[in-house]
Structures are given as C-alpha cells and as structure tokens.
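> predicted model and sequence follow; I will ask about them next.
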Amino acid sequence: MAAGGYCKLPNGTVVVALNLPSPAAGAPAGVRVLVHARNRARALTRLRNLGLRAVYLRGNAAPPTPDEITAVLHHPDGLIWRTTPDPSPLTVELWHPIKALLRRPTEAQA
C-alpha cells in the first residue's frame, strides 16, 4: 500500500506517482515512483510486473507535480524514481530509471 496520486493528461494518458518504501536492500528508506501509462490500472500493472506486488493507489492525496510529469514524459521508459524528497529545498536529486532501483546488489558490483 502506498500514498500517491495521479494526473490525467490532455491526450488521455495518466501519470501515477507513488511514495513507496524501498524494495531493494541497502537502498534509500523511501522512494517516489512515477509511471506514465494509458490508465491507472495499467500503470500499477507495470509496477507489479517488476516485482512490486503490494502496490495500490487509493485516493489522490499526493498527485504528481508539473515538474514530475515533465520528467516522466521525457524518459524513454516512462518509469522513473528518486528518493523521497527532504523538506529542505537545498538538496535536489535527479530522477533514475527504475532498473537502477530494482538491480540486485551482485549485479551492481559486476
């Protein structure tokens, strides 16, 4: 289960944003995941197919910001993440492809 939200775009597609605990060992404590898909159900299916089985979107408490929407639309996979932002605006982290989050530690070392 995760906090998050979605935004429907003028072309009919959606951008779903979810705040999740990190699925990888040794990764940051929380991550913000953005998914671009045809509809909300398909966006959640994309995450479940990657191994994030317990992902549900209930409500629209934390919809994606315009900057987040731009970031996910410009990524070729349409699926990105970064650590949950700190309240201080001095630290800005770039977006990463989802493969970097789900990579096993042995693969990262090779």
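Received the coordinates, thanks.
> what's stretch 75-85 in contact with?
19, 28-37, 46-47, 71-72, 91, 93-98, 100-101 (Cβ atoms under 8 Å, 6 or more residues apart in numbering). Where you see a C-beta, it was placed from the backbone N, CA and C, and this is true even at glycine.
> which of those count as buried?
19, 31-37, 46-47, 71-72, 95, 98, 101 (16 or more other Cβ atoms under 10 Å).
> could you list which of those residues belong to helices?
Taking DSSP state H as the definition of helices, these contribute R46, L47, A71, V72, I98, L101.
> so who does the residue nearest in space to the middle of the chain touch?
Closest residue to the average C-alpha location of the chain: V33 at 1.1 Å, with Cα atoms, centre = their mean. Contact partners of V33, counting by Cβ under 8 Å, 6+ apart, are A17, L18, N19, L20, L47, L79, I80, W81, I98.
> what is the neighbour count of the fourth one?
To tie it back to what came earlier, the one meant is L20. 20 (other Cβ atoms under 10 Å).
> am I right that it is in contact with V35?
No - between L20 and V35 there is no contact, the gap being 11.4 Å when judged by Cβ atoms under 8 Å.
> check contacts around the residue lying closest to K8 once chain neighbours are set aside.
Spatial nearest neighbour of K8, chain neighbours left out: V14 (5.2 Å); criterion: Cβ to Cβ, 6 or more residues apart in numbering. By Cβ under 8 Å, 6+ apart, the contact set of V14 is Y6, C7, K8, H36, A37, R38, N39, R40, A43.
> can you do 7 Å?
Y6, C7, K8, A37, N39, R40, A43 (Cβ atoms under 7 Å, 6 or more residues apart in numbering).
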